[in-house]
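kindly generate the corresponding structure for this input.
(2 chains)
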Number of protein chains: 2
Amino acid sequence: MAFRPLKDHYKARVLDFSAGLNVILLNEADARENGLYIGDRAVLARNGKQLTTLINISNADIKRGEIGLFRDVSAQLGAKDGDSLLIGQADTPASVELIKKKMDGGILDEREMNTIIGELTREKLSDVELASFITSLYIRGLTIEETVFLTRAVVNSGETLDLGKAHPIVDKHCTGGVAGNRTTMLIVPIVAAAGLYMPKTSSRSITSAAGTADTMEVLAPVELSIADMRDIVLKTHGCIAWGGAMNLAAADDKLIKIRHPMSLDPKGVMVASVLAKKKSVGAEYVVIDIPVGRGAKIPTMDAANDLAREFIVVSERLGMRSEVLVTDGRDPIGAGIGPGLECRDVLNALQCKGPTDLTQKSCKLAGAVMEMCGKVEQGRGYAVALNLLQSGKAYKKMKEIIAAQGGNPNVKPHDIKIGHVRHKYFAESDGRIHIIDNKKVNMIARAAGAPESTGAGLVLAVESGDKVKKGQLLYEMYAESEAKLSYALKLAEDANPVELDTVILGKMMKPGVLELKPKD
Amino acid sequence: MAFRPLKDHYKARVLDFSAGLNVILLNEADARENGLYIGDRAVLARNGKQLTTLINISNADIKRGEIGLFRDVSAQLGAKDGDSLLIGQADTPASVELIKKKMDGGILDEREMNTIIGELTREKLSDVELASFITSLYIRGLTIEETVFLTRAVVNSGETLDLGKAHPIVDKHCTGGVAGNRTTMLIVPIVAAAGLYMPKTSSRSITSAAGTADTMEVLAPVELSIADMRDIVLKTHGCIAWGGAMNLAAADDKLIKIRHPMSLDPKGVMVASVLAKKKSVGAEYVVIDIPVGRGAKIPTMDAANDLAREFIVVSERLGMRSEVLVTDGRDPIGAGIGPGLECRDVLNALQCKGPTDLTQKSCKLAGAVMEMCGKVEQGRGYAVALNLLQSGKAYKKMKEIIAAQGGNPNVKPHDIKIGHVRHKYFAESDGRIHIIDNKKVNMIARAAGAPESTGAGLVLAVESGDKVKKGQLLYEMYAESEAKLSYALKLAEDANPVELDTVILGKMMKPGVLELKPKD
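Below is the predicted model of the structure:
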């Protein structure tokens, strides 16, 4: 009974702007007559052209017999004001039954996963359907097989990078949550200087003060096409591009859109999302950094263990080799927080004058990659990476990459524009630094204007474990306007991002109620 | 860390129409600067007024520094073109953590269920969040306790009808799927004539050819206020109103909006939805009709059993008594399908000249209600109901109700406007009627124009089990225009809604592949 009649002719009413979505407005009575409800899909037809759109209702503006077309829709149909349109119910996407199968505890096979991701990519699924899918995956979990199928389907949903005979192609990923932590900008030039190929795509910040793409953009354009990326990597062995500007693993962006509002991140979907991006650039060897601890995305060693195993097994099924390093994610890495300030740390580190933790962590990850692909012998990776830094080869390589991406290779750390409105925070008592809260640090830097104001953020003057005296500098805040600084100041006063150790761990006010101060 | 700073001032750009939703348009860069993504919630503030809205992105039309306001939003904020606005991230609704609790297999307590339904009612939840909630309820199921809490929360989300000392107050519900089946329009006048109070709210059709509200509307206005309903029921003991026009069990409409696209109907949500409406009108005794069989909403006796038990237990916890009648739902009830044609059946039945199946089923349900509340002794309900019909008392009562709702009480069956464009379908061979498919019958009547064209639909000339001769009339189709009729004709040819018994039940074309013709 798939046949659904197209009834009546309607008159197009072109609404002169874009809604960013295929959505049309109907009068409620017309919608009802066609059995259509808010959020349903309808097929619009004009002169043989068809388009599937979502339905919204607007009685106030749309008269009976009219269909309100946003500019996106009118352009696709080539419809002008007053044109005659047909409307009918769209067939239910095949995915709906498959999503229900998953809800009911079924296991999806490769064809079924391809159907869902294919319809998702072609905008056939509504947010409601997609939210049901992600929720089902979260509750029911994914088998390793399903994760493999999902990864392949996401790879197939977009374009791929073909570097021809270039070998070995390596990549890295960090599960995130740690402020600063710009290791990619050191790892890429180190391993490229070692002769590996590293076509790195990175993200912009979502909730942090800066993403790698935001930070690299301080030095050079990051919105590269796949063809640009290919040329740059074949020439210099590396690049640091914004993944969002390319059509790699296209379905992933749509999956993220739904995961974000509910903070739902089913393990299998997270693994598929990461590995699809690696597979799309042709990576053969991948090192994965899983920071663990308060504020990091992965809270416990057990969770890290589970996730690590899955990364490794699924990678293998996809013909890649992955190695996972679980790292201490309780504190920020590096001193600067914010695109310009993090970039300054990176340039300093490339000249062996940067924060020790950033340099060491980057060399460990770079070393692991070089060991994995057999470039250096087991146990020698860290030393080789450090040597590539100290010899200036990595810095020279970074200049090549910056130039290839269209930036100025001769930029010096002090050239980077940093916010001129500043405020220093000092210790209010003696003590030892207990923890520097990643989330609070990011939030304050964002309040100061990061990542849009590239010079905004903060610079940490201490690390956890440091003994401090009352009045000693803890961190300095940078903004590009007084207004921004005052937002950040207000937030910093409430938030207290740098916590000192105290002797008192809990307080009891009434019998039986111990207020614990979270220690970790 | 609930504090989220409001950054910068933006300029209102009023878009001169309504989107039917609280949604604003931002330029992508501004959205990013504020950490906002499509589908996120933001708080808009102007002169101390605040409004929570959803975010959409429109780079083509909205410049940096502008916020596009649909008329709904600008009206609520009192904002004009060029006005200065502040924007910030809205706090995550408390429901998000509770929905996650349910996803993770937790059980919601009364306060938690109230929080979710409260935020839903106040438009604090996005479709994505609501879809996650319904999907979680579908997969995890609801305990009886949770169903009770959900029902109470839905009752509390809207207004209630207070009939003072009126007693007993009765109600009925049908789980649906059967074409025709306008028992409510007979049960209400029968039990009202017996002295019970029946403040009935009914729905309009969603996928069927007519809802009870659509059919009653042929005779009288059905969009009553709660105050109107109260007056009418206190005066006549009954009414048949459209539930959607009232603010009873308000949250239910929002739940239905999400259940509809995925056809998700978790048992506990269905029970809560039905019983909340009954509780909202103060019902003490409820009879529930669960039709079972192909095409009916509940497919098997087992499913009916489960559902029946839950209706009864939850009703009891809410202080109501429910009784469930499981009925044969394989075929339509009555002859007419479509508002006017069904209405004609009802008026005929009130004068003891209507379809036998409709009359008998209605009297059984009315009898059950009268027995439940002790109005008539056990086993006598059906006879008393039939007597109220045959004595003309029920018809007289129906006229009172029609008049009280503002209709013409003297309307005769032949006064009802029926489509003048008609087509008859005849049996193509001798045989016995095997089944009349509810879904196909509804679909054809809708194609002919029902329920909007009140005179459109079809009239069945046979029932299942009837022996027919080749050339005998099976059904007649009615439409209000040739165009509509031709849609319905095309559909009827493909669909074959009236199936004759055949000897051949399956056909094998290749070894091992038996094509079964579904028998039931």
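
what about stretch A:236-252, average pLDDT?
In this model, stretch A:236-252 has a mean pLDDT of 92.

for it, measure first residue to last.
One end of stretch A:236-252 to the other measures 28 Å (C-alpha to C-alpha, to the nearest Å).

is chain B contacted by that stretch?
No. Figure legend: stretch A:236-252 not in contact with chain B (C-beta under 8 Å from any C-beta of the partner chain); closest approach 10.8 Å. For every residue, glycine as well, the C-beta is placed using N, CA and C.

name the SS class of A:S205, please.
State at A:S205, reduced to three classes by DSSP: H, G, I helix; E, B strand; the rest coil: coil.

burial measure for it, as a count.
Other residues lying near A:S205 total 22 when counted by other C-beta atoms under 10 Å in any protein chain shown.

pLDDT value on it, please?
87.

who touches it in this structure?
Contact analysis of A:S205 by C-beta atoms under 8 Å, 6 or more residues apart in numbering or on different chains lists A:G211, A:D214, A:A450, A:P451.

then A:A45?
A:L6, A:L51, A:L85, A:L86, A:I87, A:G88.

which of the contacts of A:S205 tops the neighbour count?
Neighbour counts for those (other C-beta under 10 Å) peak at A:A450, which has 33 neighbours.

how much space separates that one from A:I436?
Shown here: A:A450 relative to A:I436, a distance of 16 Å by C-beta to C-beta, to the nearest Å.

cool, A:A461 as well?
Using C-beta to C-beta, A:A461 is found at 11 Å from A:I436.

so which of these two has more stuff around it?
Counted by other C-beta under 10 Å, A:A461 and A:I436 do not tie: A:I436 has more neighbours, with 24 against 18.

surely the more buried one is in contact with A:P332?
Yes. Counting by C-beta atoms under 8 Å, A:I436 touches A:P332, with 5.7 Å between them.

overlap in contacts, the two.
Common contact partners of A:I436 and A:P332 (C-beta under 8 Å, 6+ apart): A:L460.

ok so, going back, farthest-separated two in the contacts of A:A45?
A:L6 and A:L51 (13.0 Å; C-beta to C-beta).

mutual contacts of the two, please.
Residues within reach of A:L6 and of A:L51 at once, by C-beta under 8 Å, 6+ apart, are A:V43, A:A45.

which one's more surrounded, those two?
Each of A:L6 and A:L51 has its neighbours counted (other C-beta under 10 Å); A:L51 has more, 20 against 17.

for that one, phi and psi?
Dihedral angles of A:L51 (phi, psi; degrees, to the nearest 10) stand at phi -150, psi 130.

next: A:Q405.
Main-chain dihedrals, A:Q405, degrees, to the nearest 10: phi -80, psi 0.

that one: how many residues sit nearby?
By the criterion of other C-beta under 10 Å, A:Q405 has 24 neighbours.

in contact with it: list those residues for me.
For A:Q405, the contacting residues are A:M216, A:A220, A:P221, A:V222, A:L224, A:I232, A:C239, A:I240, A:A241, by C-beta under 8 Å, 6+ apart.

if we go to 6 Å?
A:A220, A:P221 (C-beta atoms under 6 Å, 6 or more residues apart in numbering or on different chains).

quick one: it and chain B, what's the gap?
21 Å (C-beta to the nearest C-beta, to the nearest Å).

and what of A:G354?
Taking C-beta to the nearest C-beta, one finds A:G354 at 28 Å from chain B.

and the next helix or strand past the helix or strand where A:T215 lies?
Per DSSP states H and E: A:T215 is located in helix A:212-216. Remark: after helix A:212-216, the chain's next helix or strand is helix A:226-236, criterion DSSP H and E.

chain center to the helix or strand that comes right after that following helix: distance?
Going down the chain from helix A:226-236, the next helix or strand is strand A:238-242, by DSSP H and E. Centroid separation for strand A:238-242 versus its chain: 15 Å, with C-alpha atoms, centre = their mean, to the nearest Å.

the following helix or strand past strand A:238-242 - contacts with which helices or strands?
Counting by DSSP H and E, the next helix or strand C-terminal to strand A:238-242 is helix A:251-262. Counting contacts by 3 or more C-beta pairs under 6 Å, 6 or more residues apart in numbering or on different chains; DSSP states H and E, helix A:251-262 is packed against helix A:110-121, helix A:127-140.

need those in JSON lines (columns: mean pLDDT, mean neighbour count and distance to chain B).
JSON lines is the format used below for the helices and strands packed on helix A:251-262 (pLDDT from 0 to 100; neighbours: other C-beta atoms under 10 Å in any protein chain shown; distance: least, C-beta to the nearest C-beta, whole Å):
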{"stretch": "helix A:110-121", "mean pLDDT": "95", "mean neighbour count": "20", "distance to chain B": "13"}
{"stretch": "helix A:127-140", "mean pLDDT": "92", "mean neighbour count": "25", "distance to chain B": "4"}
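
could I get those as CSV with distance to B:Q378?
CSV is the format used below for the helices and strands packed on helix A:251-262 (distance: least, C-beta to C-beta, whole Å):
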stretch, distance to B:Q378
helix A:110-121, 53
helix A:127-140, 46
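
out of those, which gets nearest to B:M270?
Nearest to B:M270, of all those, is helix A:127-140, at 17.0 Å by C-beta to C-beta.

helices or strands up against that closest one?
helix A:95-103, helix A:251-262, helix B:127-140.

after that helix, next one along is what?
Assigned by DSSP H and E, the successor of helix A:127-140 is helix A:144-156.

contacts for that following helix next, please.
Residues from elsewhere that reach helix A:144-156 (C-beta under 6 Å, 6+ apart): A:108, A:110, A:113-114, A:117, A:249, A:251-252, A:268, A:271-272, A:275-276, A:279-280, A:313-314, A:317.

give the pairing partners of the helix or strand following it; include direction for each.
Helices and strands here follow DSSP H and E; after helix A:144-156, the next one along the chain is strand A:170-174. Here strand A:170-174 is paired, per DSSP bridges, with strand A:285-292 (parallel).

what residues does the stretch 351-500 of chain A have near chain B?
Contacts of the stretch 351-500 of chain A with chain B, taken as C-beta under 6 Å from any C-beta of the partner chain, map to A:A447, A:E452, A:Y487, A:D494.

which of those residues fall in helices?
Counting by DSSP state H, the members of these that fall within helices are A:A447, A:Y487, A:D494.

drop anything exposed from these.
Buried by 16 or more other C-beta atoms under 10 Å in any protein chain shown: A:A447, A:Y487, out of those.

of the ones in helices among the residues of the stretch 351-500 of chain A next to chain B, closest to A:L98?
Set against A:L98, the nearest of these by C-beta to C-beta is A:A447 (43.4 Å).

just to revisit the earlier point, identify the farthest-apart pair in the contacts of A:S205.
Farthest apart among the contacts of A:S205 - using C-beta to C-beta - are A:G211 and A:A450, which lie 10.5 Å from each other.

whichever strand or helix holds A:A45 pairs with which strands?
Here A:A45 sits within strand A:41-46, counting by DSSP H and E. Using DSSP bridges, the strands paired with strand A:41-46 are strand A:49-57 (antiparallel), strand A:84-89 (antiparallel).

tell me the mean pLDDT for that strand?
For strand A:41-46, the mean pLDDT works out to 84.

which residues does A:Y475 bridge with?
For A:Y475, the beta-bridge partners under DSSP bridges are A:Y425, A:L460.

so it sits against A:K424, correct?
No. Checked against C-beta atoms under 6 Å, the pair A:Y475 and A:K424 is beyond contact range at 7.8 Å.

who's more crowded, those two?
A:Y475 (21 against 11).

quick one, what contacts the more buried one?
Per C-beta under 6 Å, 6+ apart, neighbours of A:Y475: A:Y425, A:L458, A:L460, A:A461.

before we move on, back to that, make JSON lines out of the strands paired with strand A:41-46 and add mean pLDDT.
What follows is those, written out as JSON lines (pLDDT from 0 to 100):
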{"stretch": "strand A:49-57", "mean pLDDT": "83"}
{"stretch": "strand A:84-89", "mean pLDDT": "84"}
